[in-house]
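1. need a structure here:
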Amino acid sequence: MQEPRRRLDEFLSPEERERLRQLPLWKIRLRLFLRSLRTNWRLFAENRIGLIGLAIIIFFALLAIAHPILMKYVWDPNIYDPVVGYAHEETMQPAPPSPRHLLGTDPLGRDVLSQLMFSARSEFILGLVAALITVTIGTTIGAISAYFGGPIDTFFMRLADLIIMLPFVTILIVLSALFKLDLPKLALVIGVLSGFGGTTIIIKSQALTIKVRTYIEAARVAGGSHWHIIRYHIVPNLMPLSFLYMMFTVTSAIFSEAALSFFGLLNIRMSWGLMIHTAQTAGYLLNTKTWWLIVPAGLSITLLCAAFYLVGRALDEVVNPRLRKR
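-> Residues are numbered from 1 along each chain as shown. Modelled structure (predicted):
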């Protein structure tokens with residue numbers, strides 16, 4: 001319980017230390033957290049590619065937030081609904097960009113910008129849910145495998161090897177043929193496959209370095225149970241690396257959804273991949289004159305996937321001791 005106090009004492013004057021001893025423990029922990037957050041943000045902000053990725057993510061997040069507001073207060077749902085809307089004022093479909101439809105309309109007369117903004121929300125939800133499932137499974141299994149070793153470690157590592165050997169997208173295509181995959185089910189499948197796959201191996205490697213540290217042995221000598229040590233000493237120290245791999249899982253989930261939607265294998269209302277699928281079905285995929293049917297959706301997939309990857313690379317320099325700038 002005194003560890004947070006000792007950590008703060010290193011940076012404080014004698015007068016500040018005396019005031020510190022009178023503070024409740026939760027305030028001390030909050031100060032430590034805020035101090036760590038400021039330090040990590042400073043390191044992250046020194047990496048320009050990370051800031052670029054973060055700016056792109058914020059941009060698409062604002063698009064996702066703005067869409068329901070525009071639909072409620074600005075746009076007519078009969079025209080701008082991304083699924084059932086129809087641009088009645090346009091005589092020919094698809095219509096090119098215009099002041100009324102900034103990115104034009106698709107072959108079914110639906111506003112492309114509205115589809116783009118609506119799909120951004122789905123992509124964020126899919127990516128974040130899949131990432132949370134991946135991190136939860138990968139961190140838990142990695143910590144347990146590293147701590148107990150033996151048959152438990154062998155079983156989970158061989159399972160991870162098997163999942164890594166199988167083509168990821170091919171598995172999703174087979175599953176989509178067997179079951180009706182929607183976004184929640186797709187997020188669950190991606191999260192489980194990623195969690196039991198390569199993420200577990202990487203996190204387990206980090207957990208092995210934590211397992212041999214002196215405070216783990218001290219906790220064991222003090223009478224801490226196996227699960228207490230895993231929960232309160234190993235898992236918290238794995239969270240920075242787990243958060244890093246959340247970023248890469250989001251990228252994988254967005255790409256996988258786009259690929260499956262392009263082939264028409266998902267049961268969803270609208271997505272960037274489905275926008276490209278609609279253009280392909282209508283015969284406009286390779287038509288450069290109707291660029292607005294392909295470029296906005298394709299560019300959005302590329303930019304958002306790249307953004308999470310760039311943020312992940314920047315976070316690697318924050319959480320990786322070998323790359324971290326002192």
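
2. From Ser98, how far off is Asn78?
-> Going from Asn78 to Ser98 by CB to CB, to the nearest Å gives 18 Å. Bear in mind the C-beta positions are built from the backbone N, C-alpha and C, glycine included.

3. Mind naming the longest helix for the chain?
-> Looking across the chain with DSSP state H, the single longest helix is helix 112-148.

4. Count the neighbours of Gly298 for me.
-> Counted by other CB atoms under 10 Å, the residues lying close to Gly298 total 17.

5. State the helix or strand in which the nearest residue to it once chain neighbours are set aside lies.
-> Among residues not flanking Gly298 along the chain, Ile276 sits closest, at 6.4 Å (CB to CB, 6 or more residues apart in numbering). Following DSSP states H and E, one finds Ile276 within helix 272-281.

6. Name the surrounding residues that touch that helix.
-> The contact list for helix 272-281 (CB atoms under 8 Å, 6 or more residues apart in numbering) reads 106-108, 112, 115-116, 119, 123, 257-264, 266, 268, 285, 290, 293-294, 296-298, 300-301.

7. Tell me the buried residues within those residues.
-> Among the contacts of helix 272-281, those classed as buried by 16 or more other CB atoms under 10 Å are 106, 112, 115-116, 119, 123, 257-262, 266, 268, 290, 293-294, 296-298, 300-301.

8. Phi and psi next, for the residue most central in space within the chain.
-> Central residue of the chain (CA atoms, centre = their mean): Val250, 3.2 Å from the mean position. Phi and psi for Val250, reported as degrees, to the nearest 10, are phi -60, psi -40.

9. Show the contacting residues for it.
-> Taking CB under 8 Å, 6+ apart, we find Val250 in contact with Gly127, Leu128, Ala130, Ala131, Phe308.

10. how far away is the last one from Gly53?
-> With distances taken as CB to CB, Phe308 is found 7 Å from Gly53.

11. try the fourth one
-> In this view, Ala131 and Gly53 are 15 Å apart by CB to CB.

12. which one of these two has more residues nearby?
-> Taking neighbours as other CB under 10 Å, Ala131 and Gly53 compare with Ala131 leading, 28 against 24.

13. and the more buried one, what does it touch?
-> The contact partners of Ala131, taken as CB under 8 Å, 6+ apart, are Gly191, Met246, Met247, Thr249, Val250, Ala253.

14. at 7 Å instead, please
-> If a contact means CB atoms under 7 Å, 6 or more residues apart in numbering, then Ala131 has Met246, Thr249, Val250 as its contacts.

15. With pLDDT added, can I get those residues in TSV?
-> Converted to TSV, the contacts of Ala131 look like this (pLDDT from 0 to 100):
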residue	pLDDT
Met246	84
Thr249	87
Val250	89
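
16. Please tabulate the residues you listed in TSV and include distance to Thr170 as additional columns.
-> Formatted as TSV, these follow (distance: CB to CB, whole Å):
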residue	distance to Thr170
Met246	24
Thr249	18
Val250	21
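
17. any idea which of the residues you listed is closest to Val319?
-> In terms of CB to CB, no member of those lies closer to Val319 than Met246, at 11.5 Å.

18. Please report phi then psi for that closest one.
-> Main-chain dihedrals, Met246, degrees, to the nearest 10: phi -60, psi -40.

19. State the distance from it to Tyr215.
-> Met246 is 26 Å from Tyr215, by CB to CB.

20. again, but for Phe248
-> Using CB to CB, Phe248 is found at 29 Å from Tyr215.

21. swap in Thr105?
-> Here the distance between Thr105 and Tyr215 works out to 62 Å (CB to CB).

22. for Ser256, same thing?
-> With distances taken as CB to CB, Ser256 is found 39 Å from Tyr215.

23. Near the residue nearest to Leu285 when sequence neighbours are not counted, how many other residues are there?
-> Spatial nearest neighbour of Leu285, chain neighbours left out: Ala279 (5.6 Å); criterion: CB to CB, 6+ apart. For Ala279, the tally of surrounding residues (other CB under 10 Å) stands at 24.

24. ditto for the one 5 residues further on
-> Using other CB under 10 Å, the number of residues around Tyr284 comes to 20.

25. can you pull the contacts of it?
-> Pro107, Thr290, Leu293.

26. I'd assumed it was in a helix, is it?
-> No: read with DSSP: H, G, I helix; E, B strand; the rest coil, Tyr284 is coil and lies in no helix.

27. Quick one, grab the pLDDT at the residue nearest to Leu285.
-> The model reports Ala279 with a pLDDT of 91.

28. before we move on, what about the one 3 residues further on?
-> In the prediction, the pLDDT value recorded for Ala282 is 88.

29. Name the nearest residue to His226, sequence neighbours excluded.
-> Tyr147 is the one closest to His226 (CB to CB, 6+ apart), at 6.8 Å.

30. follow-up on the earlier one: skip ahead from the longest helix of the chain and say which helix or strand is next.
-> Scanning forward in sequence from helix 112-148 by DSSP H and E, the next helix or strand is helix 150-165.
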